[in-house]
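Novice: Dropping the sequence and predicted coords here.
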Amino acid sequence: MDLRKGLLIGVGVTGFAVLAAFAFPTQVASSSATDDYVTSGVFTPAHPSVVDAFEDFLEIHPEHPAQPIAYTHKIHLLNGMQCVTCHVGVDQGPEAQIPNVTVCMTCHIAIDTDNSEIKKIAAYQARGEAIPWMRVYDYSDSAHVRFNHAPHIRAGVDCVQCHGDMTKQTTAERKVNLNMGYCVECHKQKQVSIDCATCHY
Amino acid sequence: MSHKWGLVVDLDRCTGCEACVVACHSENNIPTAGEDQAARGRTIQWIRVERTWEGDFPNPKVRFQPVLCQQCDAAPCEPVCPTYASYHTEEGLNGQVYNRCIGTRFCANACPYTVRSFNFFNPKWEKPLNLQLNPDVSVRSVGIMEKCTFCVQRIKSAEIQAKAERRELKDGEFTTACAQSCASKALVFGDLNDPNSEVARMANSDRATKLLGDLGTKPNVTYLERGNWQDGTNS
Amino acid sequence: MERRNFLKISALTGVAATLDACHAPDKQLIRFVQEEYLVPGIATIKPGICTLCSAGCGLEVRVMQGDAEVVRNGQTGIIKMGLAKKLEGNPRSPVNKGKLCARGQAGLQVLYNPDRITHPIKRTGARGSGEFQEISWDDAIKEISSHLSTLQTSKSTNVLAFLARPLRGQRRELIEKFLKSFGAPHAVWYEPFDEAVLRQANLLSFGHAALPTLNLGQADYVISFGADFLGTWNSPVSQSIGYGVMRQGWAGRRAKFVQVESRMSQTGANADEWIACRPGTEGALALGIAHVILSEKLTPHATASRTGAQIAGWAAGLPEYAPQEVEKQTGVSATVITRLAHEIARSGSATAFIGGAPLAQTNGLFNALAVNALESLVDTNHETGPILSFTPDVPTNVAVKPDPSQSGLASLAALAKSTPQMLLLYDANPIYSAPAATKIREAIAKIPYIVSFGSFIDETSAQADLILPDNAPLEQWLDGEPESGSTQAFVSVAPPAVAPLHNTRPMTDVLLGLAHQLGGEVAKALLWTSFDAMLKAAFIPLRTHAGSINAKTDDEFWPAVQKDGGWVGASTGVSPAAQAHSGAAPSKTASDVKREPEFAGSASDFPFYFQPYVSPSLGDGSTANLPWMQELPDVLTTAMWSSWVEINQKTGTRLGIQQGDLVEIQSAQGSLRVPAVLSPGIAPDLVAMPTGQGHEDFGRFASERGANPLAILAPVTEESTGSLAWAATRVKITRVGGPEQAKLVLFSGGLSGFPHEEESR
């Protein structure tokens, strides 16, 4: 083997090994976007760990995060439910609510109670715990973007457009690549402002 | 009709109480620097109250002056930003796009009012102080410049609400955090393009002046000069 | 291999090797099921009451859903709950009319303070060691209950003491009822800057033992004797609203504002004319002005006979207060005195009032009576009513007013003498804020059993044996009747804006629960199971009185009062002038009141007057644990996170003290060391220091920072009220170090110059 190649491989491996040592987060990644960062002194990175930095930069999002309950959108929608039945507030404000375990149990106290997943839901409620759903759609903190659902719903944008056809999904999957280009294209088509301050503040 | 946001600071009403400063911190997720970083001049204040002393005891004079981003029409901070993070929005604000900012700090250098603050470190809120953070406002991370946005989140929220109700925004329907808290009504915010708005009327007052106006920055913040006591008559 | 492939492969390998499955659900905290249902992202506005000073402003609390880390039954988890995001003034409050001051905005940091006590704790180590251990609410209630029962059965109930910050309204009523039915003495209501002297003066002058309400918006001339009315005195937000109007609220009319003080305050900085007056001689100055008005008959109709009767020599035209004489006493030139008299008399409507240091002298009562007499002489515009008046009483007995006859300090002294067996503590910190010379620390140490209801460990609550932490103000039912600031009768009430974050309980509910357990007279006196039931019973009778809420039934009325944050009385039809002076004539005149101030410490040993002043951000020290307040630059010096002493520039030069040097301030009672700030706005023989720092034990933001000026004050009092004359101590100053030792933090960064250097920020 060439000496240059060998050196290159050696440096590369050492470099990654060093980075790997710093890769593991110093605290548990938590679901709240406004959690406190770690301030350790003079050097404070923008991301809590190298892993987070890579994922943000390469736009790596978990495509199909593992959910605690194998919830099937397909079945619920085919049974006549609407998106807004559970995702309350989407036409009033910025966020679409993930329903409370009590919402699920209003029906499932009677419906399909033998199902093992339903039993799990009942168990959560009995323990006084909320179901720890994993977030599928979000923007990284470093995008500093404020997305507001309500104006989009009021403008007639269908949920399917950004969230994919849920009648074909069980647990939610990130089917649509919600990068900025996607948003800007639609804004341009609908002739809505693409001023930066529309979303970034 | 498009809006042009402006603020009037009446120096005859300002008492130097700094309620505006704390209201701004509360509304806009501004971090606390702590004693050490504060001693290094790294506190972040989107609005600050300047004071100038003149004279000596027993006739000292103090003048208070709240200073905030002037939202200049010809902002010196905009042309110097290499990534277009500092730019002019459609409604006449000087916008700061946090995710574009790479922290060159040219904008702070160019600003003659020194109203731009840099995040030298990641902000830290000791739990549970983080529960107070405003979800309508981004939390800026290290390496990002920030400054007064005229509470753009409130502007957006009011505009969206007005659009939902299919009507025009009315003057006085909403205001910035600083103006809302100001007891003596020294701060008045509104749409300069609306001739009937309080801010448009006050900006045309004969006491109106601009801060460092001769630099040609064309600020959208108008200062009203302090009054004088004339013996027997008032001005 | 090709370089491009090599780089791709090593990148992927490297990244893959470092990618961590750190998003697995099992690494997260458990999530508790929501107890309240809020639409995420949408704010609800709820009423509230601000408790950060005694003005009693109304709040609007912006509540939004968010994730909070909480502990439930010993388990840590995350719950979605309503969180308070922003405070604004309540537009319906006649006191603050939708505005809020700097301290009020920081109320959120009380609620979400990391140093809050989160569950009941019991002392395990020695007192003051800080060793506490968690106990359950049941055990805690059992313990305090058994102590109270022991006192009951041993028939020594008069040895129970309750020490609290002064309250008005049903919370006061609850505490006093509890104590009375228990057989214990009145509560000890203590705060360092109580206004006992002014209330006593107002009782004698106007028949109202209360702080005045100032309708400044109608003024053409305001002369304030030492009152920091735009910052910390009385009802600052209400007064600031009026100030804005009097300046620029009327076309073609602008009031003149004169401030008389020895140290330029934030308020004084706004004055058109600032008059430096020798400490303690402000009353003489007021009488000097009155003399000119009387002798030259500048206000032909007014004689101010009732208030004048309080001043010996008034009827004779104040012969001892000719301008030349007053000049000798006060240091204010006779020309100025005469000119001011003419200006005031010529103006449309004028007012004179007093606050702050002039009251905190041994002759504080005299100063107040003198200024009140001047006020009566000049505030005579009957068209719009007097500028100075008193907030009308609420028609029913919904609010219980304090007994003005004793100052907090006198009550503390009585407490120390009475040797109580058990002390209940609520939001009072005399170990910090009373001068060391009062020996309150030693007195409290002797009390065998101490229970604190406060939310924080501070110097006094650190001595507790048991702590039953209160809910934060925004987490509980509150009520209040502001003493001043409103020209209409007003009572406020607010339900909790947010659910309790920690395992705490409101003191009010705990006390009611204890009353039930104790049974007998106590249970009979306090029938309600919860504080909101007690509030409802107190408020309902207001329904039939003319006011801001029209409701046909009680069930309609009560929710409406809560929604507004209170009830405002309709105007009573009594003319403001008559009302302001409507109180009963005093049974005696204050003829033997001390006229000249006396100071502790000889002028030769202690050449400087010492003036502590209430910090606009830290207050009397109770808001020092709020980071926003620590980092708020002092508006005159820009200092943050620090203590400092203001010294006249020329004096500094004379003593070899430079900006930022460490100096020692020494009184006969003790000494402290703080950085020096040279100021042109202070008399050459006076030094001033803000209160609030110098805590030894008050959380991570406030502890071991700066120094506490109250600690070195002499226990000199104003005789008639027993009130601490906190401006009557003399000190000496010595330079003991340079800026590196002093560590003064200024907003401009480091030790940048003040006041003549350019601001660098």
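Specialist: Done, it's in.
Novice: Of all the residues in the stretch 551-700 of chain C, which one is nearest chain A?
Specialist: As assessed by CB to the nearest CB, chain A sits closest to C:Pro627 within the stretch 551-700 of chain C, at 13.2 Å. For every residue, glycine as well, the C-beta is placed using N, CA and C.
Novice: do you know how far that residue is from C:Asp115?
Specialist: The spacing between C:Pro627 and C:Asp115, counted by CB to CB, to the nearest Å, is 11 Å.
Novice: Looking at the two, which one has more neighbours?
Specialist: Counting neighbours by other CB atoms under 10 Å in any protein chain shown for C:Pro627 and for C:Asp115 shows that C:Pro627 has the greater number, 24 against 17.
Novice: Report the contact partners of the nearest residue to the residue of the stretch 551-700 of chain C closest to chain A once chain neighbours are set aside.
Specialist: Computed as CB to CB, 6 or more residues apart in numbering or on different chains, the closest residue to C:Pro627 that is not its neighbour in sequence is B:Thr32, at 4.4 Å. Applying CB atoms under 8 Å, 6 or more residues apart in numbering or on different chains to B:Thr32 gives the contacts B:25, B:43, B:125, C:627-628, C:630-631.
Novice: try it again with 7 Å
Specialist: Listed by CB atoms under 7 Å, 6 or more residues apart in numbering or on different chains, the contact partners of B:Thr32 are C:627-628, C:631.
Novice: Columns pLDDT and secondary structure on top of those, output as TSV?
Specialist: Below are those laid out as TSV (pLDDT from 0 to 100; DSSP: H, G, I helix; E, B strand; the rest coil):
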residue	pLDDT	secondary structure
C:Pro627	97	helix
C:Trp628	97	helix
C:Glu631	96	helix
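Novice: per-residue pLDDT, whichever residue of chain B sits closest to chain C?
Specialist: At 2.7 Å from chain C, B:Gly41 is the closest residue in chain B, using CB to the nearest CB. At B:Gly41, the model reports a pLDDT of 86.
Novice: Return the residues of the stretch 501-650 of chain C in contact with chain B.
Specialist: C:501, C:616, C:627-628, C:631-632, C:635-636, C:640-641, C:648 (CB under 7 Å from any CB of the partner chain).
Novice: which residues of the stretch 401-550 of chain C fall in helices?
Specialist: Here the stretch 401-550 of chain C has its helices, by DSSP state H, counting those that start in this stretch, at C:408-418, C:430-433, C:440-446, C:507-518, C:520-525, C:531-539.
Novice: For C:His291, find the nearest of those.
Specialist: The closest of these to C:His291 is helix C:408-418. By CB to CB, the value is 33.6 Å.
Novice: Check which helices and strands the closest one is in contact with.
Specialist: strand C:188-189, helix C:440-446 (3 or more CB pairs under 7 Å, 6 or more residues apart in numbering or on different chains; DSSP states H and E).
Novice: Can you tell me which of the ones you listed is packed in deepest?
Specialist: The highest mean neighbour count among the helices and strands packed on helix C:408-418, using mean count of other CB atoms under 10 Å in any protein chain shown, belongs to strand C:188-189: a mean of 24.
Novice: Could you export stretch C:555-564 as CSV, CA atoms only?
Specialist: Only the C-alpha atoms of stretch C:555-564 are listed here, as CSV (Å, rounded to 0.1, in the frame of the first residue of the first chain):
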residue,chain,number,x,y,z
ASP,C,555,-73.7,33.1,41.1
GLU,C,556,-73.4,35.6,38.2
PHE,C,557,-71.4,38.0,40.3
TRP,C,558,-68.6,35.9,41.7
PRO,C,559,-67.2,34.6,38.3
ALA,C,560,-67.5,38.1,36.9
VAL,C,561,-65.4,39.6,39.7
GLN,C,562,-62.7,36.9,39.2
LYS,C,563,-62.7,37.5,35.4
ASP,C,564,-62.0,41.2,35.9
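Novice: Could you look up the SS state of the residue nearest to C:Pro627?
Specialist: Assigned with DSSP: H, G, I helix; E, B strand; the rest coil, B:Thr32 falls in the coil class.
Novice: Look up phi and psi at it.
Specialist: Note on B:Thr32: its backbone torsions stand at phi -90, psi 130 [degrees, to the nearest 10].
Novice: right, so of the helices and strands packed on helix C:408-418, which gets closest to chain A?
Specialist: Nearest of these to chain A, taken as CB to the nearest CB: helix C:440-446 at 36.8 Å.
Novice: Next up, the contacts around B:Asn29.
Specialist: Contacts for B:Asn29 (CB under 7 Å, 6+ apart) come out as B:133-134, B:137, B:139.
Novice: again, 8 Å this time
Specialist: Residues in contact with B:Asn29 (CB under 8 Å, 6+ apart) are A:34, B:123, B:133-134, B:137-140.
Novice: can you tell me the helix or strand for the residue lying closest to C:Glu521 once chain neighbours are set aside?
Specialist: Among residues not flanking C:Glu521 along the chain, C:Ser181 sits closest, at 4.4 Å (CB to CB, 6+ apart). Taking DSSP states H and E as the definition, C:Ser181 sits inside helix C:170-182.
Novice: Which strands or helices does that helix pack on?
Specialist: Contact analysis of helix C:170-182 by 3 or more CB pairs under 8 Å, 6 or more residues apart in numbering or on different chains; DSSP states H and E lists strand C:160-164, strand C:478-480, helix C:507-518, helix C:520-525, helix C:531-539 as its packing neighbours.
Novice: if you set the cut-off to 6 Å instead, what comes out?
Specialist: helix C:520-525, helix C:531-539 (3 or more CB pairs under 6 Å, 6 or more residues apart in numbering or on different chains; DSSP states H and E).
Novice: Out of the contacts of B:Asn29, grab the one that's most surrounded.
Specialist: Within the contacts of B:Asn29, B:Arg140 tops the neighbour count with 27 neighbours, counted by other CB under 10 Å.
Novice: where does that residue land in three-state SS?
Specialist: Here B:Arg140 is recorded as coil under three-state DSSP.
Novice: Just to check, it is in contact with B:Asn119?
Specialist: Yes - in this structure, B:Arg140 is within contact of B:Asn119 by CB atoms under 6 Å, at 5.4 Å.
Novice: From C:Met689, how far off is the nearest residue in space to C:Tyr432 that is not next to it in sequence?
Specialist: Excluding the flanking residues, the one nearest C:Tyr432 by CB to CB, 6+ apart is C:Glu459, at 4.2 Å. According to CB to CB, C:Glu459 and C:Met689 sit 19 Å apart.
Novice: For these two, indicate the residue with more neighbours.
Specialist: C:Met689 (28 against 22).
Novice: these two touch, right, that one and C:Trp644?
Specialist: No - assessed by CB under 6 Å, C:Met689 is found out of contact with C:Trp644, at 7.1 Å.
Novice: Number of residues surrounding the nearest residue to C:Glu325 once chain neighbours are set aside?
Specialist: Leaving out its chain neighbours, the residue that sits closest to C:Glu325 by CB to CB, 6+ apart is C:Gly288, at 7.7 Å. By other CB under 10 Å, 30 other residues sit near C:Gly288.
Novice: for C:Gly288, what are its contacts?
Specialist: C:Gly288 sits next to C:321, C:323, C:326, C:337 when contact means CB atoms under 6 Å, 6 or more residues apart in numbering or on different chains.
Novice: Got phi/psi on it?
Specialist: With angles defined as degrees, to the nearest 10, C:Gly288 sits at phi -60, psi -40.
Novice: Could you do A:Ala96 as well?
Specialist: Here is the backbone geometry of A:Ala96 (degrees, to the nearest 10): phi -100, psi 120.
Novice: what about stretch C:675-682 and chain B, touching?
Specialist: Yes - contact of stretch C:675-682 with chain B (CB under 6 Å from any CB of the partner chain) involves C:680-681.
Novice: Only the buried residues of that stretch, if you could.
Specialist: Applying a neighbour-count criterion of 16 or more other CB atoms under 10 Å in any protein chain shown, the buried positions in stretch C:675-682 are C:675-682.
Novice: Report all helices and strands that the helix or strand hosting C:Asn202 contacts.
Specialist: Following DSSP H and E, one finds C:Asn202 within helix C:196-206. Counting contacts by 3+ CB pairs under 6 Å, 6+ apart, helix C:196-206 packs against helix C:364-378.
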